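J.: Kindly return the folded structure for what I paste below:
(one chain, ligands or ions: 1)
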Amino acid sequence: MANYLQASLNADQLSVQDYQKEAINAGIVHLGVGAFHRAHQAVYIDRLLAHDNQQNWGIIGVNIRPQDSQAFARFVEQKGEYVLKTMAADGATRYEHIRSLIEQIDGAQAPQDVDAALAHATTQLVTSTVTEGGYYLDENRTLMLDHPAIKADIEGARNTLYAFLYAGLKLRSETSNGAITLLCCDNLRHNGELLKTGLMQFLAAKHDNKLAAWVAQHVSFPCSMVDRITPKPSQQHVDDVRARFGVDDNMTVMGEDFIQWVVEDNFAGAKPPLDLVGVQFVKDVVPFEEAKIRILNAGHTCVTYQAALKGLTYFDEAMRDEELKQYFTDFIEQDSIPAIGKSVVDLPAYFDIIAQRFSNANIGDTVERICTDGYAKFPIFVFPTLEGAYKRGLTPSKTIQGIASWFAFMQLSHQGKVGTPYHEPNKAALAAFTNDEAGIQAFATDRFLWGNVPTEFPEFIAQLTKAIQINMTKYA
Ligand code: CS2
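T.: Model prediction:
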């Protein structure tokens, strides 16, 4: 694909970083090569590879899910290369040819190759984007040992990232023995700590004290905040790339022009000097992470179900809907920012930027994408504001409105009355939330979703019940 693209139609419209791919060596293994990775981390690394003496940071892209093997095979055919299109709110667009994923391994087919990559002395860093639900931790940060995927992995299967990390780190401890950094790039609060606690509990369940001791000595788990709105690539986008550059790019991605990555400066392995390409290394990521999760992600989550119930397709349409725009502002100003309290981040300024990004009409981010996976998202994105506000003596009524709209969406979607499809990997967990007294009670007291809030602040139950009734009447 490299040559094809370079010699392609309109090659002058496609920017490419100035390095020879043949001269690049791998230094990073990435687990979960989804659209977000391809539009974010792979782009930073692509830029880094063009700097003097930074040719040892190529990425080995690893697929860990059997259901993604087919799509991954196409990526392998493309030698890991693809076109990224970014779009600014003013309409400016840019096409980039990204080449930093220099090797691909389908872990679902060849798990031992992943182990070898993780064990290799030149591998300094392992990054992961396996979605928020991919870490299998409950509200107490306890690994879900009863979950079928985790259960099977403890017995030697390969379903989750823990099974891959276990086998790879074990081999590493027995061979090259080098220190290594595991950098979680999913939207979880304190994501590095969560990855660490999940992995340590997995090792305990495997009764592998020796490896646990090795990990404690040789591995670091920095936290990081990652950000770029990356819509699902539309058919129109794929067609545009084909027409413009004459290639059938199955892995092309599109995103907004904004990009940010803040990383805790805590590397056990060698550290890629990503500050050369705009990454911020900081001592404490928490304030950045909290701001992003509670304003951007929670903003998305609390608005999106209302947008779906109103029949909107694209998220920027919600920002042009008077009621939803006002709701979003109120949610952030009345609930999110007060619940965060003091921060080194200028929260009102940060909110303004996010409101502008959400209004970008050129990216075509769908309400459907943002509605996906609600059960995993609410506890991470929305719960901290709910709890934080109550703890400060406030009633988080806008947050409750967002939660109630999700409940109404679930019900009406179940009845086939909402146009937006609901993709929910945890559908079984929602089964008890029926539209009656018992169902609403089960929803309002679900510990995975709301932790101790219903017991510590029992008024939440009545307030949510009332909001649900209002939403059900409004949208039915
Ligand atoms: C979104 C995120 O899925 C979601 O709910 O909020 O995918 C969001 O677009 C990214 O985190 C932006 O960095």
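J.: Please enumerate the strands of the stretch 1-150 of the chain.
T.: 14-16, 26-31, 58-63, 82-87, 93-98, 101-106, 125-128 (DSSP state E, counting those that start in this stretch).
J.: Which of the ones you listed sits closest to residue 247?
T.: Nearest to residue 247 among the strands of the stretch 1-150 of the chain is strand 82-87; the distance by CB to CB comes to 7.5 Å. Using the backbone N, CA and C atoms, a C-beta is placed for each residue, glycine as well.
J.: Determine the angle, from 0 to 180 degrees, between the closest one and strand 101-106.
T.: 110 degrees (axes from the mean of the first three to the mean of the last three CA atoms, to 10 degrees).
J.: average model confidence for strand 82-87?
T.: Averaged across strand 82-87, pLDDT comes to 97.
J.: ditto for stretch 138-154
T.: 96.
J.: Return the residues of the stretch 151-300 of the chain in contact with the ligand.
T.: With CB under 6 Å from any ligand atom as the criterion, the stretch 151-300 of the chain comes near the ligand at residues 187, 227-229, 297, 300.
J.: Tell me which of those fall in strands.
T.: residue 227 (DSSP state E).
J.: quick one: which of the residues of the stretch 151-300 of the chain next to the ligand is nearest residue 246?
T.: residue 228 (26.9 Å).
J.: Walk me through the domains of the protein.
T.: For the chain, automatic domain parsing gives the domain ranges 2-283, 287-475.
J.: Put together CSV for those, with mean neighbour count on each row.
T.: Formatted as CSV, those follow (neighbours: other CB atoms under 10 Å):
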stretch, mean neighbour count
domain 2-283, 19
domain 287-475, 19
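J.: Run a quick check on residue 465 versus residue 440, I expect a contact.
T.: Yes - at 5.4 Å, residue 465 and residue 440 qualify as touching, with contact defined as CB atoms under 8 Å.
J.: Now the stretch 301-450 of the chain against the ligand: closest residue?
T.: For the stretch 301-450 of the chain, the nearest residue to the ligand under the criterion CB to the nearest ligand atom is residue 370, separated by 4.8 Å.
J.: nearest to residue 261, of the strands of the stretch 1-150 of the chain?
T.: strand 125-128 (10.6 Å).
J.: average pLDDT across that closest one?
T.: For strand 125-128, the per-residue pLDDT averages 98.
J.: Could you look up the SS state of the closest residue to residue 210 other than its chain neighbours?
T.: Excluding the flanking residues, the one nearest residue 210 by CB to CB, 6 or more residues apart in numbering is residue 173, at 7.8 Å. With DSSP: H, G, I helix; E, B strand; the rest coil as the basis, residue 173 sits in helix.
J.: contacting residues for residue 173?
T.: 210-211, 214, 218 (CB atoms under 8 Å, 6 or more residues apart in numbering).
J.: ok, 10 Å please
T.: 119, 208, 210-211, 213-215, 217-219 (CB atoms under 10 Å, 6 or more residues apart in numbering).
J.: quick one: which of those sit in helices?
T.: Among the contacts of residue 173, the residues falling in helices (DSSP state H) are 119, 210-211, 213-215, 217-218.
J.: Just the closest of those to the ligand, please.
T.: residue 215 (28.1 Å).
J.: show me the contacts for residue 221.
T.: 181-184, 190-197, 199-200, 215, 264, 266, 268.
J.: Check what pLDDT it gets.
T.: 98.
J.: try residue 255
T.: Per the predicted model, pLDDT is 97 at residue 255.
J.: closest one to residue 257 among the strands of the stretch 1-150 of the chain?
T.: strand 82-87 (4.7 Å).
J.: what's the closest one packed up against?
T.: Packed against strand 82-87 by the contact rule (3 or more CB pairs under 10 Å, 6 or more residues apart in numbering; DSSP states H and E) you find strand 14-16, helix 35-39, helix 41-48, strand 93-98, helix 235-245, strand 253-256.
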